[in-house]
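> any chance you could fold what I've pasted below:
(chains A, B, C and D)
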Amino acid sequence: MTDGSAAATSRQLLRVDDLRVEFDTDYGKVCALDGVSLAVEEGRTLGIVGESGCGKSITARSIMRLLPQNASITGGSIHYSAPDTAPVDVTALKPNGATIRQLRGNAFAMIFQEPMTSLSPVYTVGAQIMEAILLHTDLNRREARERAIEMLDRVNIPAPEKRVDAYPHQLSGGMRQRVMIAMALSCSPRLLIADEPTTALDVTIEAQILDLLQQMQAAENASLIIITHDLGVVAETADHVAVMYVGRVVESGTVQDVLGDPQHPYTRALLHSVPRIGAKARLSPVGGTVPSLLEMPRGCKFAPRCSVAKSICHSSEPPSFALAGGRSVKCWLHDQGGGTGR
Amino acid sequence: MRYLSAFAATLAGAYCLTAGGLVLAADTPLAPDDWAHKESPMLREMVDAGQLPPLEERLPANPAVVQVEEIGTFGDTMVNGVAFLRNEYIPNQIAKATLTTPTFPLPSEGPILPNVASGWEYNEDGTEITFTLREGMKWSDGEPFTADDIVFFWEDILLDENVTRTPPLVLAAGGEMAELEKIDDYAIRFKFAVPYYFANTALATLDDIAWPKHIVGEMHPKYNSEATYEELNENLLYFLGRGKVSIGAWVLEEYVPGEKFVLVRNPYYWKVDQDGNQLPYFDRVEIREVEDRQSVALGNVSGEFDSDGMWVGVQHLQLFLSEKENRQYDIGYSSVAGMAMYFNYDVEDETVREVLRDANFRRAFSVAINRDDINFVSFNDLLTTRGWAWSPLSQYYDEEAAGSYVEHDEDRARELLDEAGIVDADGDGMREAPDGSELQIIVDVSQHDLYVPITEMIREQLADVGIDLVLNVQHQDLIEERRLGRDWHVHVWDLYGTEVPLANLSLWVPVSDGQPYWHQEAASAPFSPEFAEYSDLLLSAPALPNVEAKAAIKQAGDIMSENVFGVYIGDYERPFIKSDRLGNMPDRYARIQEFGSNMPAFRYDQVFGRWDREN
Amino acid sequence: MLSFVIRRLLLMILMMIVISMVSFVIIQLPPGDWVTSYAAHLRAISSPASEATLEALRERYGLGEPVWRQYLFWVSGFPRGDFGIAMSMQDTPVADLVLPRFGMSLLLSLSTLVVVLGLAIPFGIIAAVNRNGPIDYLFSTVAFFALSIPSFIVALGILFISVFYFGAVSIGGLYDAQYMGEPMNWAKFKSTLEHMPGPMLAIGLGGLAGTMRIMRGNMLDVLSQQFIETARAKGLRERVVVVKHAARLAVNPIISRVGIHLPEIIGGEVIVSVILGLPTLGPLFLRAVLAQDMYLAGTIIMLFALILLIGNLLADLVLAWSDPRITYN
Amino acid sequence: MDATDTRQEAQAPAPEEEQAFRPLSVRRLMWRRFRRNRMAMIGAVLLSCMYLMIAVPGFFAPYEFDRGNPRYVFVAPQALHFLDDEGGFHVRPFVYPLTGKRDPATMRVVYTEDRENPQAIRFFVRGYDYTLFFGLIETNIQLFGVDEGTIFLAGTDGRGRDMLSRIINGGRVSLTIGLLAIVIMVFVGTAIGTLSAYRGGWFDTIVQRVIELIRSFPQLPLWMAMAAIIPPGWPSIWVFFGITIVLAMIEWTSLAREIRGKALALKTADYVAAAEVAGARAPRIIFVHMIPNLSSHILVTATLAVPTIILAESALSFLGLGIKAPMTSWGVLLSEANKIEIFRLSPWMLTPAIPLILTVMSFNFLGDGLRDVADPHSSR
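All right, here's what the predicted structure looks like:
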């Protein structure tokens, strides 16, 4: 959890500590996030990775305070501290209050998974970009429009003066994601959250978008949280990575550490399921399925699927064990101080 | 052609109220010096402004003097409502002018009186009648009204096939239409093929007697080579052309289709009250169209409308009475002929025909009906029961005849049926025809909110004595179609013509073939000797001097009531509603179809407003 | 867009021709004709007409001719604004009878439509925003009951309450009597507005409830869409998100539903006007149908269809303006 | 072992849901889901009661609906009493006999209760004759009645006919016409809809144009015009069927259109294609493969269309274009009540509105419930 030695200069922009989020469902309360801790450093990229339904998006939405109505933060904190402003605990803010709205779109920006539906079909893209600019800056309409055109230009949209008046349905998926990026960055946010920004796109476009994201991040010196189920994306873009499984961060650390030397069986399983060029081994999908939040195993949540689970794994949940290099891992295998799995 | 519908409607309409006014004998000497005429301020202003000649020049030499109960005040507008306006006759009703007028309130109380004509005379054998008109009488536009206008109307409108298909049969005596002859500008003479002492009464039933030749003549192809009959017919609609000039009390001022008629007073109207005030009292009459009868009733209760006797009925009486306390209106009654059941003596079904032709069956039918129950349920106990007899409003009324076979008596009915051979042969509770076949009598009744329930009750009552009636409730036009044919057994409708039988003799006897509709073979094969006798009596009556005619008609009445030629329930008191602000409104009046509804003269021209209405 | 409108207008004219034929045929189908019903009327006012007279009338109105000739005769007048004569109304030209009432019908139908949408949309939004809350529950329950009450019963209820409890005896009419016969002016218009809430309630209640439920459903659909989150992520106020982003889109299906809604309103207008005695096309149509006055009834039913066509066209245009995804080329 | 434990723990908050996780047959699952919808159940129960009542009107109606008692006109609903004048309580409710007298001031007949002579309500009394099951059984037992006097629980009309009996008998027409028209409508709509989808081509085009044409008229006026076609000379039972056909003839269009849409989707379904390849003929494909798959949809649409039909019938009858005497229906009864004097003086004549509203509501509830069951995703 401490700063990596290689990046001593960077400071934490956002720290999530022990975050708990519960959902009120027809079947009672369900815990969607259970003690999630993360940190994002200024100007760096954090990748959050995991299978679908493991709480990645909920984590991101908790930061934005965009949780659905029936969800509530029941514990933990999210500290945001920009250099020029006083630190804020996002969890303490009133949902949809003035403060969080001031942060949204301004300090925090978010890009969603589905470029096809994340833009309103009835307004021009220009109008939608301008909406945030007008809200958060002092620019007038004309200036805001110029800014929007400029942003479109920066995300490599050809003929931005024309496209600014286009409706979303007139643009391709990749284009729309570019628009989303332009929109997100239009107010120079400190933190950009990209929630599976490329899942719905073609592979070629995926690379372009990722490139663009990195470029823009560098140019704006913003921090980036990239949420993905694709380890490849993480490897390519992130500095740090957090692996999530059913509402918990099971392993975190620098990308090199975690991907190069995974310590959690789940991380390993994930890695084995990713095709690699030159790798001879057969791909092995992660066995079993993600348990339903309603029928959660009592001990380690991964235990039923874990090939190396011990009896303790089934009875009690492992705490987070700190490892060298700022890494941490949530697995009983590290209790005795050594990986038996190897 | 268009006139026909107007004529028919006028003749038949029902806007009838009676006031206790009287047109005095025309020759009452009146010197302008000791009897200054007065006029409405509205007209006075026009005279002062020079738009109108003074009143004395506008009135005829001998204006008709009406004895009103209360001298009224001039001004304001009377507002009435009408439902489903199918009715150029509505303004016509209010503004009409007949040659003669029956005595009022009731024709039984006296002779026919002068109106447009100031007097008349029959020749010795009763084949000619000469009418004297009022000298100096003018149309509402100031043009003189003379015998030419009447002759024009008679020859070029009524007798011109292009305009009128069916001239008024009431002026056809001995099968031939009367001839009209102009004697001078102020005298005309009708000539009949046979003696016709009914002519002066008959002329009271025609509410249009003249149209302005100087206006309508211009539209007539006979006088104007450029005119066409099509245009003429178009313009004969009261509210398009003809209504603009009239001899009635009011003249059409404005017509908004589907919304209202506005009539304005005729500055040349030729009637005055006993104080010399030129009638009418009301400056304007407005007739507003509303969607249905109910809205008319509501409008009268709320005070939007001033009076109504046409659209409201017995069904509204209790509402009127219950609301009366808080509202400014009063309720009057008019005696109205109620429901009758006509038997078809020529029905094709032989079994039914024989049964219907049996007087005892008809008598049984009549006494099996419990008129008291019907009275209680449908007429608020305001029904005066009557058999198939002349109306108490007529000159021919006979109490005994009116009361024959009226009393409810089931045993008597059974006896009479047994006598007729109509017995329950198979023991199923229902009687069979004398030939043993099942007897089912179909009663045609149109969808009428009063008559359908009554007929249903009668069906139940006849079932109690073993007669099986089957109701055929249908839309009016279908019932009408059936009635014109031969296929029907019993037909339910109003009783017509018992007040003035001569006015519509074809309802009673075969004036020509196919009449009356309930015995279409009557001319060639009367169904019974009694019918033949009665028929002869009635047919001879018009040619007889009054006293003899009266005796003949009474005798015919005795025959028809004794033989129950039809079944009648009775006359009833039909409410009419009148605003408290109206003066000279009668409490009672008689509604007699033959004199058009407005006759014998509820004279709207005598009614006045005690206070002005708010809207 | 313009070419679309022109194309639609041309199509509409074609449709109107077909509709006029169908109208005429339907009106012609009943057995008997106006003359029989006229004869019955004459008799009702105690003045029987002879068979010869009736024959003459038939001849005059061309009732004996084949249907197609009668149709052509009728249609040939349209360009001149001549829709035939109302035989049952003293031969008043149909246009004279129908046009003022057409205006009233149009005013009543359209204002009902506007009010229904104007209320249903916000109600639907409120219900959706408070999903499963007490307000939502209340709105939905009331809406469900309102949906089940037919307009003519609402009209009867209004009449009953005003008569029984308020002692009113005249609520008929769409404006005060003093404005009868006047051309439309400000005072008359005001009076008309004052008279309209009752009829509008009767006509629109069911539609209001239905539209509200649909709006609520649309809102819930839209609110769960991604772009709402995008809007929120921009830091917009919730009200702006709901109104500007969610409602703006959720309203589109409501607009396209006007095509379904309008016939209900017209049907409601007919029967409510009959009950409340309003001077619209409804009572005239009923009268014409009962009297078998074919030109009158035919013209009115054609006008009803015309209102629908125009309504659908307008709805399409509004939708095209409202939803940029729709293209008409 | 552990796994089972955890499962039970997780389910603890919702014990009643326990069974939902067990596999059930589709049918039972649907029934279960339907039963959970309380309003739909209420609707179903109410409708069952009403249909039971109209199945044997002679048993439930205390009087003959078309026979009036001339001495009891416009009697207000008679109160059922439990307490007598001395304050004594009676388990068996009773009514007081009435005597009518006309008030000369208002002309109304005022009915006074004979307080001395309470008449306890009796069950299974012998009254008027009627037949059951299409004339198979003749009997004269009514559910309830009194020995002396009258029992008019919903008042009487202007001819002294018992309103309750009239409402029950009027329901007979109103309720059956809804079902009957729906049967026709389903038959025609389904046949044309599937055929149109299956055949496509010119047939489809024509059908679509015809539907469009019919729907370019507002329904009620079109129904009015069509109802006027029914010859006035027809006996009332024919008129009844005529009206039924008129209603169905316009209403089928919406069903046909929906069915066509669904059938078009089905047409491309693999098993239909498979059947085609296997050489099945059109009728077989339509009746064996397509219609059964549309049946739940048809059921829902039909249920939701019943109230439309019932309302249309009442509206037409109300306007005088529908059912005619001696038959009666709720619309006819309401049109008899649509008079200002009735509103003011005999408001109980408006009671037929209550069963009408209840019926429509019940069908709406039922249809909604069925839709939830048949198509859970569409529920809102």
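
> ok, the residue of the stretch 151-300 of chain D found nearest chain C to residue B:511 distance?
When distances are taken as C-beta to the nearest C-beta, the stretch 151-300 of chain D reaches nearest to chain C at residue D:220, 3.0 Å away. Just so you know, the C-beta spots here come from the backbone N, C-alpha and C atoms, and that holds for glycine as well. Noted for residue D:220: a distance of 48 Å to residue B:511, by C-beta to C-beta, to the nearest Å.

> ok now do the residue of the stretch 151-300 of chain D closest to chain C, which residues does it touch?
C:266-268, C:270-271, D:312, D:315 (C-beta atoms under 8 Å, 6 or more residues apart in numbering or on different chains).

> return the member of those nearest to residue D:85.
residue D:315 (46.1 Å; C-beta to C-beta).

> tell me the contacts of the closest one?
Residue D:315 neighbours (C-beta under 8 Å, 6+ apart): C:150, C:152, C:267, C:271, D:220, D:223, D:322, D:331.

> now with 7 Å, please.
Residue D:315 sits next to C:150, C:152, C:271, D:220, D:331 when contact means C-beta atoms under 7 Å, 6 or more residues apart in numbering or on different chains.

> cool, residue B:437 as well?
Counting by C-beta under 7 Å, 6+ apart, residue B:437 has contacts residue B:351.

> mind redoing it with 10 Å?
Contacts here follow C-beta atoms under 10 Å, 6 or more residues apart in numbering or on different chains; on that basis residue B:437 touches B:349-352, B:425.

> most neighbours of all those, which one?
Counting neighbours by other C-beta atoms under 10 Å in any protein chain shown, residue B:352 leads the contacts of residue B:437 with 20 neighbours.

> pretty sure that residue contacts residue B:422?
No: with contacts counted by C-beta atoms under 10 Å, residue B:352 stays clear of residue B:422, the gap being 11.4 Å.

> what do the two both touch?
Once C-beta under 10 Å, 6+ apart is applied, the residues that residue B:352 and residue B:422 both contact turn out to be B:433, B:439.

> can you tell me which of the contacts of residue D:220 are in helices?
If you go by DSSP state H, the contacts of residue D:220 have C:266-268, C:270-271, D:312, D:315 in helices.

> quickly check those for the two that are furthest apart.
Between any two of the ones in helices among the contacts of residue D:220 (C-beta to C-beta), the greatest distance is 14.0 Å, for C:266 and D:312.

> in the stretch 151-300 of chain B, which residue sits nearest chain D?
For the stretch 151-300 of chain B, C-beta to the nearest C-beta, closest residue to chain D: residue B:294, 5.3 Å.

> so who does that residue touch?
By C-beta under 10 Å, 6+ apart, residue B:294 lies in contact with B:83, B:311-312, B:315-316, B:319, C:159, C:172, C:275, C:277, D:338-341, D:343.

> biggest helix in chain D, by residue count?
Assigned via DSSP H, chain D shows its longest helix as helix D:163-199.

> in that one, which residues are buried?
By neighbour count on 16 or more other C-beta atoms under 10 Å in any protein chain shown, the buried set for helix D:163-199 is D:163-178, D:180-182, D:184-186, D:188-198.

> cool, stretch A:34-53 as well?
Buried residues in stretch A:34-53 (16+ other C-beta under 10 Å): A:34-51, A:53.

> can you dump the C-alpha coordinates of that stretch into CSV?
Coordinates of each C-alpha in stretch A:34-53 appear next as CSV, following Å, rounded to 0.1, in the frame of the first residue of the first chain:
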residue,chain,number,x,y,z
ASP,A,34,-16.4,-6.0,0.9
GLY,A,35,-13.3,-4.1,2.1
VAL,A,36,-11.9,-2.9,-1.1
SER,A,37,-8.7,-0.9,-0.9
LEU,A,38,-7.0,0.8,-3.7
ALA,A,39,-4.7,3.7,-4.4
VAL,A,40,-4.2,5.8,-7.5
GLU,A,41,-1.1,7.8,-7.9
GLU,A,42,-1.0,11.1,-9.7
GLY,A,43,-0.3,10.8,-13.4
ARG,A,44,-0.3,7.0,-13.1
THR,A,45,-2.6,4.3,-14.3
LEU,A,46,-4.3,1.8,-12.2
GLY,A,47,-5.8,-1.2,-13.8
ILE,A,48,-8.6,-3.0,-12.1
VAL,A,49,-9.1,-6.5,-13.5
GLY,A,50,-11.5,-9.4,-12.8
GLU,A,51,-14.3,-11.4,-14.2
SER,A,52,-17.6,-9.7,-14.8
GLY,A,53,-19.7,-9.2,-11.7
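
> now find how far off-centre that stretch is within its chain.
Remark: stretch A:34-53 is offset 6 Å from the chain centroid, using C-alpha atoms, centre = their mean, to the nearest Å.

> is it anywhere near chain C?
No: using C-beta under 10 Å from any C-beta of the partner chain, stretch A:34-53 stays clear of chain C, coming no nearer than 15.7 Å.

> dump the residue contacts of residue C:155.
Contact analysis of residue C:155 by C-beta under 10 Å, 6+ apart lists C:198-199, C:201-203, C:205, C:268, C:271-276, C:278, D:338.

> from those, which are also near chain B?
On the criterion C-beta under 10 Å from any C-beta, C:273-276, C:278, D:338 are the entries of the contacts of residue C:155 that sit beside chain B.

> who wins on neighbours among these?
In terms of neighbours by other C-beta under 10 Å, these top out with residue C:273 at 29 neighbours.

> what segments of the stretch 101-250 of chain D are strands?
For the stretch 101-250 of chain D, the strands defined by DSSP state E, counting those that start in this stretch cover D:109-113, D:119-120, D:122-132, D:137-145.

> make a markdown table out of the ones you listed and add distance to chain B and mean pLDDT.
Output for these, formatted as a markdown table (distance: least, C-beta to the nearest C-beta, whole Å; pLDDT from 0 to 100):
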| stretch | distance to chain B | mean pLDDT |
| --- | --- | --- |
| strand D:109-113 | 8 | 90 |
| strand D:119-120 | 23 | 86 |
| strand D:122-132 | 12 | 84 |
| strand D:137-145 | 15 | 84 |
